[in-house]
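Novice: just the structure for this:
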Amino acid sequence: QVQLVESGGGLVQAGDSLRLSCAASGRTFSSFSMGWFRQAPGKERNVVALIHWSGRDTYYADSVKGRFTISRDNANDTVYLQMNSLKPEDTAVYYCAAIRGDWSMSASYYDYWGQGTQVTVSS
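Specialist: Numbers count the residues shown, from 1 in each chain. Below you'll find the model as predicted:
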């Protein structure tokens, strides 16, 4: 079992930055690839960024490429999402998720989820 707790969301203006954190506890964090997903009201939960369990590879959705950065600290069992140049369309609940081994683009394959943190970007 892995417990994930997100933090760092909030209300910001367009162009501002936020850093989300996801603290993991339980099983060996370093053996899990991690992902950030987001879900806006009435929409599906979509991938934002992924990081391989090794930390060597990352993936970004086209909509956030160049603005968001995912990173992990295996010594402290934490994954981060640095979000710069935020836009109103980034407004959503952001979820941290863990999957054993290699990552997946599909939320349905992830084994563990956090409770989500709200990010609201005003124009």
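Novice: C-alpha from now on. contacts and neighbour counts both.
Specialist: OK.
Novice: this protein: strands as residue ranges?
Specialist: For the chain, strands defined by DSSP state E occupy the ranges 2-7, 10-13, 18-26, 32-39, 45-51, 58-60, 68-73, 78-83, 92-100, 112-113, 117-122.
Novice: for Ser106, which of those strands is the nearest?
Specialist: Ranking the strands of the chain by proximity to Ser106 (C-alpha to C-alpha) places strand 45-51 first, at 7.4 Å.
Novice: contact partners of that closest one?
Specialist: Taking contacts as C-alpha atoms under 8 Å, 6 or more residues apart in numbering, the residues outside strand 45-51 that touch it are 33-39, 57-61, 64, 69-72, 103, 105-107.
Novice: try stretch 18-28
Specialist: If you take C-alpha under 8 Å, 6+ apart as the criterion, stretch 18-28 is touched by 1-9, 77-84, 96, 114.
Novice: got a PyMOL select line for the buried ones in these?
Specialist: The following PyMOL line selects those of the contacts of stretch 18-28 that are buried, judged by 16 or more other C-alpha atoms under 10 Å:
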select buried, resi 2+3+4+5+6+7+9+77+78+79+80+81+83+84+96+114
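Novice: could the strands of the chain go into TSV alongside mean pLDDT?
Specialist: As requested, the strands of the chain are arranged in TSV below (pLDDT from 0 to 100):
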stretch	mean pLDDT
strand 2-7	95
strand 10-13	98
strand 18-26	94
strand 32-39	97
strand 45-51	97
strand 58-60	97
strand 68-73	97
strand 78-83	98
strand 92-100	97
strand 112-113	96
strand 117-122	98
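Novice: so what's the residue nearest the centre of the chain up against?
Specialist: Nearest to the centroid of the C-alpha atoms of the chain, with distances taken as C-alpha atoms, centre = their mean, sits Trp36, at 2.1 Å. Residues in contact with Trp36 (C-alpha under 8 Å, 6+ apart) are 47-50, 81, 94-97.
Novice: tell me, how many neighbours does the nearest residue to Asp57 once chain neighbours are set aside end up with?
Specialist: Leaving aside its sequence neighbours, Asp57 sits nearest to Ile51 (C-alpha to C-alpha, 6 or more residues apart in numbering; 5.9 Å). Neighbour count of Ile51, defined by other C-alpha atoms under 10 Å: 25.
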